[in-house]
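> show me how the following folds:
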Amino acid sequence: MKKIFYDAGCPFCVICMHFIKKHDPKHQYKMSSIDGKNAKMLFSGNYRFLRKRKTIVFLEGQRVWLRANAIFRVMWNLGGAWKIPGLLCYVPGFLVNPFFRLLALLVPKSRS
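Purely as a prediction, here's the structure:
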């Protein structure tokens with residue numbers, strides 16, 4: 001099972017998790033808050049930086065996908081028409097993550 005950790009206090013992150021749940025009929029993803037016990041154990045020491053606010057971390061085997069790349073990689077794995085936007089997971093993070101951060105700042109708390 002693939003694991004996704006997200007900031008439960010980030011409305012945009014929560015919306016992304018609802019999207020994934022809705023479009024994942026195989027239930028191949030396990031989702032957990034980045035503030036949870038599992039994340040604290042997994043992301044300790046040198047990996048503590050992964051527990052930042054307004055972020056999504058997708059663990060796929062030995063690969064770690066962050067923020068926008070994480071969402072696009074999940075879309076790629078969902079298959080079907082979602083593979084088209086999923087191709088953006090291969091765009092370097094410094095190009096796509098500013099848009100993720102902007103959306104995370106702009107989505108109001110009342111939306112989650």
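
> out of the helices and strands in the chain, which is least certain?
Every helix and strand of the chain was ranked by mean pLDDT, DSSP states H and E. The lowest is helix 37-42, at a mean of 88.

> what residues of stretch 19-35 count as buried?
Neighbour-count burial for stretch 19-35 flags 20, 29, 31-34 (criterion: 16 or more other Cβ atoms under 10 Å). In short, each C-beta sits where N, CA and C put it, glycine included.

> now do the same end-to-end measure for that stretch.
Start and end residues of stretch 19-35 are separated by 21 Å (Cα to Cα, to the nearest Å).

> what ranges do the helices span in this protein?
11-22, 37-42, 67-78, 83-86, 93-106 (DSSP state H).

> okay, these, which one's buried deepest?
The highest average neighbour count among the helices of the chain, using mean count of other Cβ atoms under 10 Å, belongs to helix 67-78 at a mean of 22.

> what packs against that helix?
strand 2-6, helix 11-22, strand 56-60, helix 83-86, helix 93-106 (3 or more Cβ pairs under 8 Å, 6 or more residues apart in numbering; DSSP states H and E).

> now render the ones you listed as a markdown table, adding distance to Tyr47.
Rendered in a markdown table, the data for the helices and strands packed on helix 67-78 read as follows (distance: least, Cβ to Cβ, whole Å):
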| stretch | distance to Tyr47 |
| --- | --- |
| strand 2-6 | 11 |
| helix 11-22 | 19 |
| strand 56-60 | 10 |
| helix 83-86 | 25 |
| helix 93-106 | 17 |
